[in-house]
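Q: here you go, sequence then predicted model.
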Amino acid sequence: MPSPETVLTPMRADRTDATPRADSVHRRAVRRRLLVVAVLVVVLVVAAVASMLLGSNRLGVDQVLAGLTRSGSSTAEAVVWGSRIPRTLIGAAVGAALGIAGLLMQGHTRNPLADPGLFGVSSGAGLAVVLGVYVFGVTSTGATVCFALVGAVVASVVVFSVTVAGSETASPVPLALAGAAVSALLGAITSFIVLTDQDSLDAYRLWVVGSLAARQLDVLAAAAPFLLVGAVLAVWNTRALDALGLGAELAKGLGENVLVARLVGLGGITLLAAGATAAAGPIGFVGLTVPHVARALVGTGHRWTLPVSALVGAALVLVADVVGRLVGGFSEVEVGIVLAVLGGPVFVAVARRRSLVSL
């Protein structure tokens, strides 16, 4: 019969070896995630360079550099500063915002098919744009952005207020139902106005398709405060999201204030989606698909999926914008249309994956 020492010694050795093995696995996972982030940064830089170089007006690298330094021809300078730089910066900001908003939305609702538009952001912005034309005769892009921002924020606040007033907590299911109801109501009002006024219809059909064309830096300046505050709220919300992923009751047991966590996250979703929608119109499928790509690359921890979602979203919108410029010849296919064509099959694939029924 073996002595107690011979039995306990291997067990002690196993316990001693377990910690170094766990540390080694953790370090490898961190290195892999850092490598993913580095690769995505490179991809984003390449997409930004392509956005600066490619379009209906083909410019070489030397012409772009001369335009950036304002030392080249007036044509190159006008193209670079009047079109390429604004749409590259706006496209990256919009893609990053929608990627983060989609991640927060799916995390809070625990619904893999949720996207920021579920909270009435797009419907509210669309109605505000139409009312701006119909009531105030707004025609400038800058004023349209301001109306869209106000409409998106007001619609989201209405959705949150209805949900909290009805259940005293921002629960996912009532939130989604209230968002769908408010979106349907605002969409019906918008349809009524555009069908009775030609000017409103013309403005709405140009805005609703989702585009980066004809946007200047003043559009980004108007949306930037919303996007920055929304990003800060999203970063603040990452720890709470990880806890909420275990369930509301367990999150409470871990010391999380669920209502505050919900409100912070939903505030981030509102500001990010409102700023992005106001700047480029309602662009679909980014908030839906990007979080799934991020989780596939770095796992489910929101400390990693948040920056990865931002990078993937920014790169995706820029690539889609470049593709739209190239396939359209001297015209262009709007980025919202390109993303709809690319995102449709992805949406079907996500919906058919049974493993993603819940998060």
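A: That came through fine. Treat the numbers as computed from the prediction; the structure is a model and nothing was measured. Residues are numbered from 1 along each chain as shown.
Q: host element of the most centrally placed residue in the chain?
A: Centroid-nearest residue in the chain: residue 98, 1.1 Å away (criterion: Cα atoms, centre = their mean). Secondary structure from DSSP states H and E places residue 98 in helix 85-109.
Q: tell me how far that helix lies from the chain's centre.
A: Relative to its parent chain, helix 85-109 has a centroid offset of 3 Å by Cα atoms, centre = their mean, to the nearest Å.
Q: which helices and strands sit right next to it?
A: Packing partners of helix 85-109 (3 or more Cβ pairs under 8 Å, 6 or more residues apart in numbering; DSSP states H and E): helix 4-53, helix 172-196, helix 217-236, helix 238-244, helix 258-280, helix 286-298, helix 302-327. Using the backbone N, CA and C atoms, a C-beta is placed for each residue, glycine as well.
Q: I'd like to know which elements the shortest one is packed against.
A: Other helices and strands packing on helix 238-244, by 3+ Cβ pairs under 8 Å, 6+ apart, are helix 85-109, helix 248-253, helix 258-280, helix 302-327.
Q: show me what the longest one is packed against.
A: What it means is helix 302-327. Under the contact criterion of 3+ Cβ pairs under 8 Å, 6+ apart, helix 302-327 touches helix 4-53, helix 85-109, helix 217-236, helix 238-244, helix 286-298, helix 335-352.
Q: what do you get if the cut-off is 7 Å, keeping everything else the same?
A: Counting contacts by 3 or more Cβ pairs under 7 Å, 6 or more residues apart in numbering; DSSP states H and E, helix 302-327 packs against helix 4-53, helix 85-109, helix 238-244, helix 286-298, helix 335-352.
Q: of all those helices, which one comes closest to residue 179?
A: Residue 179 lies closest, by Cβ to Cβ, to one member of those: helix 85-109, at 9.6 Å.
Q: tell me the first helix or strand C-terminal of the closest one.
A: helix 121-136.
Q: ok, and what's touching stretch 33-40?
A: Residues outside stretch 33-40 that contact it (Cβ atoms under 7 Å, 6 or more residues apart in numbering): 297-298, 304, 307-308, 311-312, 315.
Q: for stretch 189-209, that is, sorry about that
A: Contacts of stretch 189-209 with the rest of the structure, by Cβ under 7 Å, 6+ apart, involve 126-127, 129-130, 133-134, 144, 281-282, 334, 336-337.
Q: for that stretch, measure first residue to last.
A: For stretch 189-209, the separation between the terminal residues is 18 Å (Cα to Cα, to the nearest Å).
Q: buried residues, it. List them.
A: Judged by neighbour count using 16 or more other Cβ atoms under 10 Å, the buried positions of stretch 189-209 are 190, 193-194, 200-201, 203-204, 207-209.
Q: looking at these, spot the one nearest residue 163.
A: Distances from residue 163 to the buried residues of stretch 189-209, taken by Cβ to Cβ, are shortest for residue 190, at 22.3 Å.
Q: residue 208 and residue 127, how far apart?
A: 11 Å (Cβ to Cβ, to the nearest Å).
Q: tell me the two of the contacts of stretch 189-209 that are most distant?
A: Spanning the widest gap among the contacts of stretch 189-209 are 134 and 337, at 25.5 Å by Cβ to Cβ.
Q: how far away is residue 120 from residue 37?
A: In this view, residue 120 and residue 37 are 33 Å apart by Cβ to Cβ.
Q: neighbour-wise, which of the two wins?
A: More crowded of residue 120 and residue 37, by other Cβ atoms under 10 Å: residue 120, with 31 against 16.
Q: need the contact list for that one.
A: Contact analysis of residue 120 by Cβ under 7 Å, 6+ apart lists 155-156, 159, 179, 182-183, 186.
Q: check residue 133 too.
A: When contacts are counted by Cβ under 7 Å, 6+ apart, residue 133 touches 199-200, 203.
Q: which one of the helices and strands packed on helix 238-244 lies nearest to residue 58?
A: If we rank these by Cβ to Cβ, the stretch that ends up nearest is helix 302-327, at 10.2 Å.
Q: that closest one: which residues count as buried?
A: By neighbour count with 16+ other Cβ under 10 Å, helix 302-327 contains the buried residues 302, 304-325.
Q: check the offset of that helix from the chain's centre.
A: Chain-centre distance of helix 302-327: 9 Å, with Cα atoms, centre = their mean.
Q: and that helix with helix 217-236, angle?
A: Put simply, helix 302-327 runs at 150 degrees to helix 217-236, going by axes from the mean of the first three to the mean of the last three Cα atoms, to 10 degrees.
Q: which stretches of the protein have low pLDDT?
A: Scanning the chain for pLDDT under 70 picks out 1-18, 71-73, 164-172, 328-330, 350-359.
Q: give me that answer again for 50
A: For the chain, the stretches with pLDDT under 50 are 1-2, 4-15, 354, 357-358.
Q: before we move on, back to that, so which of the contacts of residue 133 are in helices?
A: Within those, membership in helices is found for 199-200, 203, as judged by DSSP state H.
Q: need those residues in JSON lines with distance to residue 241, can you?
A: Listed next are the ones in helices among the contacts of residue 133 as JSON lines, based on distance: Cβ to Cβ, whole Å:
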{"residue": "199", "distance to residue 241": "43"}
{"residue": "200", "distance to residue 241": "39"}
{"residue": "203", "distance to residue 241": "37"}
